[in-house]
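Asks: okay, sequence plus prediction incoming.
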Amino acid sequence: MTSRLTSRDQQRLQQARAAAIEHSAVEAIRQYAGLTKKYPDHPGILAELAQCHAGAKDFERANLLLQQLIDRHHTSARIMVIVGRTYDTMHFYDQALVAYRLALKHQLPAADEIQARTSIAATCERKNELLEAQIQIDYLMTHAADAPATLLLAGILASRNDDWEAAEAQLRRAGQSDLPPLLKVRAGHELARVLEKQNRFDEAIETVSIVKQIERPGKESALAISRQVARLTERMIALIGPHHFKEWDSSAREEAGARSDQRQIGLITGHPRSGTTLLEQMLDSHSAINSADESSALLHSLVTPLWGGLDPLPTSDRLLLKSIDPAVIDHGRREYTKQLEQRTKVKPVGDLKREHWLFDKNPEAIVMLPVLQRVLPAARVIVVLRDPRDVCLSCFMQFLPMNPVSCNFDSLANVAAKYARTMMLWLKIRSWLKLKWYEIKYEELVNDPVEQMRRVFDFLDLNVDEQSLKSTQLFSERAKGKEIRSPSYQAVARPLSSDSIGRWRNYEKCYGPALQVLQPFIQKFNY
């Protein structure tokens, strides 16, 4: 039986919660950890501590705590729903479903059962397990037909089954309901996709433009970070020269000579919505490659420790990686590898063949390439290019959680400015980069996947036969049921299609001055 908290410990719990709300993760974790020593089986404290670790990207500790909750409190439907939601925030969808299904094994109040089934439907849709999602939606349509979440999920499922009429009706009702702002924005984006599929392009872009005006939680803080990243990018363009890459490579290779435990690491990057997820899923089909999907490991393990925070911006010396403690570099290298291993669920390097590749994917990693050069000189980088006009349209039309990247996607003009900053940096540094790198075009990958994947595998020194090359085209079947964290999870569950190539032409009149901003990159990348 769980002990009742003393009045003093109730106060400590409130302090821990306040620290978590204020994003003081270290203080919150310290407070919660102290309470767990006194109340080791208190489900609420364990759950909140797990949420703090998840928020701090320490998924290993979060998972241990959540597994404790499942082991000790699996008969509590309420706790299992909390566990499932925490796993959802970590994008550990398989574990989330385990927790939700445990919740349904017990007698639940009607409202709690609806909540659990709604969560299962949303998670199964996210995992592209559409049959199971539909079973839950059918239940919800019987028991909670007018609930905003039911309307939204029913509309999304109808859309994924190409039932445009039903999808439009449900999504319009969802948008007019009392959905929270985040889900109201998603309903608008999903509706726009349905309208576009019916060639109603003016209505589609107008729908997105309207929902872009909805005030979303976290937008101001995301914009503040985004402005700092923009200034950082501009400073890098101004400061960094070819000799820096040579120095970083030399220092890193000197340090690497004493190490024998480093696995082969690759990075897929580019601009968001360029096709990085498609390439990552195709690469992941090879038996010698494991991919970490949408990962922030590079930022948290290497970039932040070496550069420091963004407020204030790193000094010139820190940005140029001068006087960095080798111990900090070594710790970051090991932590980065560890996080990728956790994400890909692969064995430690000693249990794998040396030629096995561990791939990270981060569409925003171009700005981080100097750090990767300094720390992992043997890493290989694949940059995915796509027609800049299609990239910017996709960024604008796609529903994305609010973060320091997506806050730039509120207009085509702002997307174009963001694209120009990112790709200007790539154009400047690509000839100086000592890391081995390779550019691949999304359009060529779609139109000739076998030949393009042959070239990618050659770049990675992997021998493949014709059957293995053809198997990369079956990625859409493997994607069903996989934990895909990218917003492109729906697209990669469908077979290759050229439908989105040249999509921008349907909206050409909406670009305005953005086309002039993009023109140098259209020419440079031969579009």
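Replies: In hand now; what should we look at?

Asks: contacts only, for the closest residue in space to R430 that isn't next to it in sequence.
Replies: Leaving aside its chain neighbours, R430 sits nearest to W437 (6.6 Å; criterion: CB to CB, 6 or more residues apart in numbering). The way it works is simple: take the backbone N, C-alpha and C, and place the C-beta from them, glycine included. Contacts for W437 (CB atoms under 8 Å, 6 or more residues apart in numbering) come out as R380, V381, I382, V383, R430.

Asks: helix or strand: which one has I440?
Replies: strand 436-441 (DSSP states H and E).

Asks: show me where the stretch 151-300 of the chain dips below the pLDDT cut-off.
Replies: For the stretch 151-300 of the chain, the stretches with pLDDT under 70 are 257-262.

Asks: which parts of the stretch 401-527 of the chain are helices?
Replies: Counting by DSSP state H, counting those that start in this stretch, the segments of the stretch 401-527 of the chain that form helices are 412-429, 442-447, 449-459, 466-471, 475-479, 514-524.

Asks: which one of those lies closest to L140?
Replies: Distance to L140, taken as CB to CB, is lowest for helix 475-479 among the helices of the stretch 401-527 of the chain, at 25.0 Å.

Asks: which one of the helices of the stretch 401-527 of the chain lies closest to G44?
Replies: Set against G44 and scored by CB to CB, the helices of the stretch 401-527 of the chain come closest in helix 475-479, at 36.3 Å.

Asks: the stretch 201-350 of the chain: strands as residue ranges?
Replies: Secondary structure of the stretch 201-350 of the chain (DSSP state E, counting those that start in this stretch): strands located at 264-270, 289-294.

Asks: rewinding a little: among the contacts of W437, which ones are buried?
Replies: Using 16 or more other CB atoms under 10 Å as the burial test, these include R380, V381, I382, V383 as buried.

Asks: on that earlier part again, just the contacts of W437: which are in strands?
Replies: Applying DSSP state E to these, the entries found in strands are R380, V381, I382, V383.

Asks: between those, which sits nearest H53?
Replies: V381 (30.4 Å).

Asks: name the nearest residue to that closest one, sequence neighbours excluded.
Replies: Per CB to CB, 6+ apart, closest to V381 is W437, 4.2 Å.

Asks: about what we covered before: out of the strands of the stretch 201-350 of the chain, deepest packed?
Replies: When you average the neighbours per residue for each of these (mean count of other CB atoms under 10 Å), strand 264-270 leads with a mean of 24.

Asks: which secondary structure elements does it contact?
Replies: helix 276-283, helix 326-344, strand 357-361, strand 380-385 (3 or more CB pairs under 8 Å, 6 or more residues apart in numbering; DSSP states H and E).

Asks: output the ones you listed as CSV; include the columns distance to L319.
Replies: Shown next, in CSV, are the helices and strands packed on strand 264-270 (distance: least, CB to CB, whole Å):
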stretch, distance to L319
helix 276-283, 25
helix 326-344, 15
strand 357-361, 22
strand 380-385, 20
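
Asks: quick one: which of these is nearest F409?
Replies: helix 276-283 (15.9 Å).

Asks: same for that closest one, what does it pack against?
Replies: Using 3+ CB pairs under 8 Å, 6+ apart: helix 276-283 touches strand 264-270, strand 289-294, strand 357-361, strand 380-385, helix 442-447, helix 449-459, helix 475-479.

Asks: the same query, at a cut-off of 7 Å, please.
Replies: strand 264-270, strand 289-294, strand 357-361, strand 380-385, helix 475-479 (3 or more CB pairs under 7 Å, 6 or more residues apart in numbering; DSSP states H and E).

Asks: reformat the ones you listed as JSON lines; add distance to P314.
Replies: Formatted as JSON lines, the helices and strands packed on helix 276-283 follow (distance: least, CB to CB, whole Å):
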{"stretch": "strand 264-270", "distance to P314": "20"}
{"stretch": "strand 289-294", "distance to P314": "25"}
{"stretch": "strand 357-361", "distance to P314": "22"}
{"stretch": "strand 380-385", "distance to P314": "22"}
{"stretch": "helix 475-479", "distance to P314": "38"}
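
Asks: so which of these gets nearest Q228?
Replies: So among the helices and strands packed on helix 276-283, strand 264-270 is nearest, using CB to CB, at 19.9 Å.

Asks: which SSE is immediately downstream of the helix or strand containing Y32?
Replies: According to DSSP H and E, Y32 maps onto helix 25-38. Sequence order places helix 43-55 as the next helix or strand after helix 25-38, per DSSP H and E.

Asks: neighbouring contacts of stretch 229-244?
Replies: 310, 313, 316, 319-320, 367, 370, 404, 421, 424-425, 428-429, 432 (CB atoms under 7 Å, 6 or more residues apart in numbering).

Asks: make it 6 Å
Replies: L313, L320, V367, R421, L425, K428, W432 (CB atoms under 6 Å, 6 or more residues apart in numbering).

Asks: roughly how far is it from the heart of the chain?
Replies: Relative to the centre of its chain, stretch 229-244 is centred 25 Å away, using CA atoms, centre = their mean, to the nearest Å.

Asks: ok, back up a step: nearest to Q68, of the helices and strands packed on strand 264-270?
Replies: Of all those, it is helix 326-344 that lies closest to Q68, at 17.8 Å by CB to CB.

Asks: off-centre distance for that closest one?
Replies: On CA atoms, centre = their mean, the centre of helix 326-344 falls 19 Å from the chain's centre.

Asks: just to revisit the earlier point, H73: which of the helices and strands packed on helix 276-283 is closest?
Replies: Per CB to CB, nearest to H73 of the helices and strands packed on helix 276-283: strand 289-294, 29.6 Å.

Asks: each with direction, which strands does the closest one pair with?
Replies: strand 357-361 (parallel) (DSSP bridges).

Asks: how far away is the closest residue to L310 other than its chain neighbours from A222?
Replies: Nearest residue to L310, sequence neighbours excluded (CB to CB, 6+ apart): Q228, at 3.9 Å. Q228 is 11 Å from A222, where distance means CB to CB, to the nearest Å.

Asks: more neighbours: which of those two?
Replies: Remark: of Q228 and A222, A222 carries more neighbours, 19 against 16, as counted by other CB atoms under 10 Å.
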